[in-house]
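> sequence and computational prediction follow.
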Amino acid sequence: MRVLAVCGSLRTASINAALLRTAQCLAPPDVEVSVCTLVGELPLFNPDLEANLPPSVAQLHAQVAASDALLIASPEYAHCVTGAIKNLLDWLVSFEPFVGKPVAVLNASPRAHHADAALKETLRTMSAVIVEAASVSIPLLGSGIAEAAMAETPWVAEAIHASLVALQGAPHPSVAPAADL
């Protein structure tokens, strides 16, 4: 199973990015987690550009199409999702391979419930399939746990592993065979 991990933060020291990199390290053997590095390279969404996609958007589309599921971790800014994650999602709104894609949402802050709810609502509106059993809150903000120690911290490692296992076990859309004409 191929999972594309997407962080909604552009900060170098982002705890959400650290959480996704840790998920990459802890993935079960038959789950490949790759972290999307395009979030900060995407131009602001403009429907006029959809006819001739900018290279970074074309790369994003290719990565999403090649993935079996998405894993999203994003901070909360002013009770909402970040502009970076919203912009990325806007580029996926009319992208057919995103429809029905299983998505897990990781929340690294116990205070980020507004953004978590808003992100899930946006994903539902876009016809993603939110895998609730894989969408977990892992209260890392303020915990003092550095990225290097996340994989060695039992409750963090167990939560990440359980999320990936639940995502792996979720029904995935299948491609229907073409009808005979």
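Arrived safely.

> where exactly do the strands run in this protein?
With DSSP state E applied, the chain shows strands at 2-7, 32-35, 69-73, 102-106, 129-130, listed in chain order.

> would you mark the buried spots in the longest one?
Okay, so that is strand 2-7. Of the residues in strand 2-7, those buried by neighbour count under the rule 16 or more other C-beta atoms under 10 Å are Val3, Leu4, Ala5, Val6, Cys7. For glycine as for every other residue, the C-beta is placed from the backbone atoms N, C-alpha and C.

> direction included, what does it pair up with?
Using DSSP bridges, the neighbouring strands of strand 2-7 in the sheet come out as strand 32-35 (parallel), strand 69-73 (parallel).

> now do that strand: distance to the chain's middle.
5 Å (C-alpha atoms, centre = their mean, to the nearest Å).

> kindly report the same for stretch 122-138.
Mean-position distance between stretch 122-138 and its chain equals 9 Å (C-alpha atoms, centre = their mean).

> for the residue nearest to the spatial centre of the chain, which non-adjacent residue is closest in space?
When C-alpha atoms, centre = their mean is applied to the chain, the residue found nearest the centroid is Ile72 (2.2 Å). Computed as C-beta to C-beta, 6 or more residues apart in numbering, the closest residue to Ile72 that is not its neighbour in sequence is Val6, at 4.9 Å.

> got it, and Ala27?
Ranked by C-beta to C-beta, 6+ apart and with sequence neighbours excluded, the top spatial neighbour of Ala27 is Val33, at 4.6 Å.

> can you pull the contacts of the one you found?
For Val33, the contact set (C-beta atoms under 8 Å, 6 or more residues apart in numbering) comprises Val3, Ala5, Leu20, Ala23, Gln24, Ala27, Leu71, Leu164.

> how about a markdown table for those, with distance to Ala51 and pLDDT added?
As requested, the contacts of Val33 are exported to a markdown table (distance: C-beta to C-beta, whole Å; pLDDT from 0 to 100):
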| residue | distance to Ala51 | pLDDT |
| --- | --- | --- |
| Val3 | 30 | 98 |
| Ala5 | 29 | 98 |
| Leu20 | 32 | 97 |
| Ala23 | 35 | 97 |
| Gln24 | 34 | 96 |
| Ala27 | 37 | 96 |
| Leu71 | 30 | 98 |
| Leu164 | 37 | 97 |
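
> for the closest residue to Cys7 other than its chain neighbours, what are its contacts?
Counting by C-beta to C-beta, 6+ apart, the nearest residue to Cys7 once its immediate chain neighbours are dropped is Ala17, at 4.4 Å. For Ala17, the contacting residues are Cys7, Ser9, Arg11, Val35, Ala73, taking C-beta under 8 Å, 6+ apart as the criterion.

> nothing else from me, thank you.
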